[in-house]
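Asker: quick check, what structure comes out for this input:
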Amino acid sequence: MQAMQVTKEIAHVPPQAAHAPPRAAAPNPEVPATAKRRVFTAELKRQVLAEADVAEPGGIGGVLRRHGLYSSHLATWRQQRDAGELAGLTPKRRGRKAAPKNPLADENARLERELRRATARAERAEGLVAVQKKLAELLGEELPSEEELLEAERRGLPIPPPRKKR
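Answerer: Residues are numbered from 1 along each chain as shown. Predicted structure coming up:
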């Protein structure tokens, strides 16, 4: 009968307690709130490698614990040192590598700016010519043709003046 009573007590669990999420453990004060990537200087790497090289058997673990390192750090740094990569012991820059700059890009940009300036100047000149033509038409004058202007320029003569319409 007692066994039956215990079963009923277990079976009768309030619905809120059955679905309650587990409580989070209190934060550990030794663990930082946000993870931060560690960066080791080349000097520290060389120092740790020198200590590990002179350590007696079983002493490498003490060196690693003292510096807060893993054995994989030591293995990687040894490979870099043995491969002759003196620069390999310096921290590598992280992130996307800069795209190599095209040597003609500066020249191309300069020429495009020059073309835009020349185009704008030509458009202004065409606008002035259109105004001159309208003014000449209102005044009843005839402007010299393009052929006459080019011929005068080729010969080094002054620009021919406008003449009265007939």
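
Asker: what's the first helix or strand after the helix ranked longest in the chain?
Answerer: The single longest helix within the chain, with elements called by DSSP state H, is helix 105-139. Sequence-wise, the next helix or strand downstream of helix 105-139 (DSSP states H and E) is strand 141-142.

Asker: show me where this protein has its helices.
Answerer: Assigned by DSSP H, the helices in the chain fall at 2-11, 15-18, 42-54, 60-67, 71-82, 105-139, 146-155.

Asker: could you dump those helices into JSON lines and include distance to Lys165, mean neighbour count and mean pLDDT?
Answerer: (C-beta placed from N, C-alpha, C; glycine too.) Shown next, in JSON lines, are the helices of the chain (distance: least, CB to CB, whole Å; neighbours: other CB atoms under 10 Å; pLDDT from 0 to 100):
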{"stretch": "helix 2-11", "distance to Lys165": "115", "mean neighbour count": "8", "mean pLDDT": "52"}
{"stretch": "helix 15-18", "distance to Lys165": "103", "mean neighbour count": "7", "mean pLDDT": "54"}
{"stretch": "helix 42-54", "distance to Lys165": "88", "mean neighbour count": "15", "mean pLDDT": "87"}
{"stretch": "helix 60-67", "distance to Lys165": "98", "mean neighbour count": "14", "mean pLDDT": "89"}
{"stretch": "helix 71-82", "distance to Lys165": "89", "mean neighbour count": "14", "mean pLDDT": "87"}
{"stretch": "helix 105-139", "distance to Lys165": "9", "mean neighbour count": "10", "mean pLDDT": "91"}
{"stretch": "helix 146-155", "distance to Lys165": "15", "mean neighbour count": "11", "mean pLDDT": "87"}
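
Asker: out of these, which comes closest to Ala35?
Answerer: helix 71-82 (16.8 Å; CB to CB).

Asker: and the angle from that closest one to helix 42-54?
Answerer: Taking axes from the mean of the first three to the mean of the last three CA atoms, to 10 degrees, one finds helix 71-82 and helix 42-54 inclined to each other by 100 degrees.
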